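**Student:** Sequence and predicted structure below; questions after.
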Amino acid sequence: MTDCARDEEPTAVDPSSDLVPRGVRVASEWSWRLLLVAAALGAVIFLIVQLRVIVIPLLIAVLISALLIPLVQLLIRHGWPKWAAVAVAELGTIAAIVGLVWLVVTQVIRGFDDLRMQTIRSYDQFRQFLLDSPLHLTQDQLNTYVNSLWGSLQQNSSSVLSGALEGASVAAHVGAGVLLVLFSTLFILIDGKGIWNWIVRIFPRRARPAVDGAGRAGWLTLGNFVRVQILVAFIDAVGIGLGALILGVPLAIPIAVLVFLGSFIPVLGAVVTGTLAVFIALVYNGLWPAVIMLGIVLLVQQIEGHVLQPLIMGTAVKVHPLAVVLGVGAGAILAGIPGTFFAVPTIATANVMVRYIAEGRWRTNPKPTLEDVVPEDD
């Protein structure tokens, strides 16, 4: 009798289960988990922003290393000692960058006098245009505006001086950053595998295969992205530089170099460098050459957006244009110009790594190759 009564005892029921619907409970459980993830991401982003003087050079070194490691491996396969391959890769990169800077500086110095005279001539023409325009401005009014502008500059001379001092501080940070880039790149080229193995060992033992495979997939994607981005930037620079050269626009070589560098900053870089090219054409060559220069810039950008990006960049990464725009905007808000520079490679690399782990490919393909990570059309 006692056993029967014990068997018929009802199971305990949580009274709150009847008061709170199941959908609300599931939503609340997801909510606090998402809040924890968002808080962790926020803390990481905060630390990155606070340590940007160190983080930015490190990220630049990672991008350069992703480009140079295949070259180092190629030289080693052809019998080069590792130290020689690393030295050639890094010194060659330094020589290329210094050569571009030297080319731009010499071109600008060579055309400085002409630039000064043409600027004065363009200012006189613009002033005469205002005097003859329907605005009916007089010479006294123009002088008043110029004197007012000059007076405001004198009144804010302390701000200008502080800005110069701030610029000197920025120059010091840039110098330190260049040294960090060089040393970080050197160590990654020498012992990149050892550094990555140390990072993997930080994670729990059961998570290491997934982390290692995702990191390899992300690294392959990053290297492919950098190589393809350099190709696209080179094509943009050649197109706009040739257009400026054919039109007789001065400083065509510096314009091409700036277009090449600006192509690494999505959206913003193309707008700034294109505007600069059109402005120089307007100052030196007049209205109609500037209009033609604008057409060349727009044509090159359209070819990049509708031909190069789908055909060339699509073989490296597959990131939706909306994700690019939102990522660039978020990067600009969080870290300014460096944020826009690193937005697209970060999104592309994270996309491949997340998909690699979510699809469980680390169980069957622990060491992915480039063919495994190149995205396919869905």
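**Tutor:** Nice, thanks for sending it over.

**Student:** in stretch 354-361, what's buried?
**Tutor:** If you call a residue buried by 16 or more other CB atoms under 10 Å, then stretch 354-361 has these buried ones: 356-357, 361. (Each C-beta comes from the backbone N, C-alpha and C, glycine too.)

**Student:** same check, this time on stretch 337-348
**Tutor:** Taking 16+ other CB under 10 Å as the basis for neighbour counts, the residues of stretch 337-348 that come out buried are 338-348.

**Student:** Going by distance to residue 258, which of these wins?
**Tutor:** For the buried residues of stretch 337-348, the closest approach to residue 258 (CB to CB) belongs to residue 341, at 14.7 Å.

**Student:** The closest one and residue 61: what is the separation?
**Tutor:** Look at residue 341 and residue 61: by CB to CB, to the nearest Å, they are 14 Å apart.

**Student:** who's in contact with the residue positioned nearest the centre of the chain?
**Tutor:** When CA atoms, centre = their mean is applied to the chain, the residue found nearest the centroid is residue 341 (1.4 Å). With contacts taken as CB atoms under 8 Å, 6 or more residues apart in numbering, residue 341 has the following neighbours: 264-265, 331.

**Student:** which one among those gets closest to residue 279?
**Tutor:** Nearest to residue 279 among the contacts of residue 341, with distances taken as CB to CB, is residue 265, at 18.3 Å.

**Student:** Low-confidence stretches in the protein?
**Tutor:** For the chain, applying pLDDT under 70 flags the ranges 1-18, 112, 115, 123, 130-143, 145-146, 149-171, 266-268, 305-321, 369-378.

**Student:** got the domain boundaries for it?
**Tutor:** Following automatic domain parsing, the chain resolves into domains at 51-148+164-202, 206-378.

**Student:** most packed of those domains?
**Tutor:** Among the domains of the chain, the stretch with the highest mean neighbour count (mean count of other CB atoms under 10 Å) is domain 206-378, at a mean of 17.

**Student:** circling back: quick one, which of the domains of the chain gets closest to residue 26.
**Tutor:** Evaluated over those, closeness to residue 26 peaks at domain 206-378, with 20.5 Å, by CB to CB.

**Student:** just the helices in the stretch 51-200 of the chain please.
**Tutor:** 52-77, 82-110, 112-132, 139-155, 157-200 (DSSP state H, counting those that start in this stretch).

**Student:** Skip ahead from the last one and say which helix or strand is next.
**Tutor:** If I follow you right, that is helix 157-200. helix 208-247 (DSSP states H and E).

**Student:** will you turn the contacts of residue 341 into a markdown table that also has distance to residue 53 and secondary structure?
**Tutor:** Rendered in a markdown table, the data for those read as follows (distance: CB to CB, whole Å; DSSP: H, G, I helix; E, B strand; the rest coil):
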| residue | distance to residue 53 | secondary structure |
| --- | --- | --- |
| 264 | 20 | coil |
| 265 | 20 | coil |
| 331 | 17 | helix |
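
**Student:** Now distance to residue 258 and secondary structure too, for the buried residues of stretch 337-348, in a markdown table please.
**Tutor:** As requested, the buried residues of stretch 337-348 are exported to a markdown table (distance: CB to CB, whole Å; three-state DSSP):
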| residue | distance to residue 258 | secondary structure |
| --- | --- | --- |
| 338 | 18 | helix |
| 339 | 20 | helix |
| 340 | 16 | helix |
| 341 | 15 | helix |
| 342 | 20 | helix |
| 343 | 20 | helix |
| 344 | 19 | helix |
| 345 | 21 | helix |
| 346 | 24 | helix |
| 347 | 25 | helix |
| 348 | 25 | helix |
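
**Student:** Quick one: closest of the helices of the stretch 51-200 of the chain to residue 255.
**Tutor:** Judged by CB to CB, the one of the helices of the stretch 51-200 of the chain that comes nearest to residue 255 is helix 82-110, at 9.6 Å.

**Student:** Show me how far the closest one is from its chain's centre.
**Tutor:** Taking the mean of its C-alpha atoms, helix 82-110 sits 21 Å from the chain's own mean (CA atoms, centre = their mean, to the nearest Å).

**Student:** Excluding covalently adjacent residues, which one is nearest to residue 339?
**Tutor:** Distances taken as CB to CB, 6 or more residues apart in numbering put residue 331 closest to residue 339, at 2.9 Å, once the chain neighbours are dropped.

**Student:** Which one, of the domains of the chain, ends up nearest to residue 38?
**Tutor:** domain 206-378 (13.8 Å).

**Student:** Pretty sure residue 255 sits against residue 278.
**Tutor:** No: using CB atoms under 8 Å, residue 255 and residue 278 do not qualify as a contacting pair, with a distance of 10.1 Å.

**Student:** still on that earlier bit, let me have the helices of the stretch 51-200 of the chain in a markdown table, extended by distance to residue 234.
**Tutor:** A markdown table is the format used below for the helices of the stretch 51-200 of the chain (distance: least, CB to CB, whole Å):
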| stretch | distance to residue 234 |
| --- | --- |
| helix 52-77 | 13 |
| helix 82-110 | 12 |
| helix 112-132 | 26 |
| helix 139-155 | 40 |
| helix 157-200 | 21 |
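
**Student:** So for residue 19, which of these sits nearest?
**Tutor:** Using CB to CB, the nearest of the helices of the stretch 51-200 of the chain to residue 19 is helix 157-200, at 46.6 Å.

**Student:** Ignoring the adjacent residues along the chain, who's closest to residue 63?
**Tutor:** residue 226 (5.6 Å).

**Student:** and the one you found, what does it touch?
**Tutor:** So, once contact is read as CB under 8 Å, 6+ apart, residue 226 ends up touching 63, 66-67, 345.

**Student:** Let me know the closest of the residues you listed to residue 84.
**Tutor:** Within the set of the contacts of residue 226, residue 67 lies nearest residue 84; the separation is 18.5 Å, counting by CB to CB.

**Student:** which residue sits closest to that closest one in space, ignoring its chain neighbours?
**Tutor:** In space, and not counting its chain neighbours, residue 67 is closest to residue 226: 4.7 Å by CB to CB, 6+ apart.
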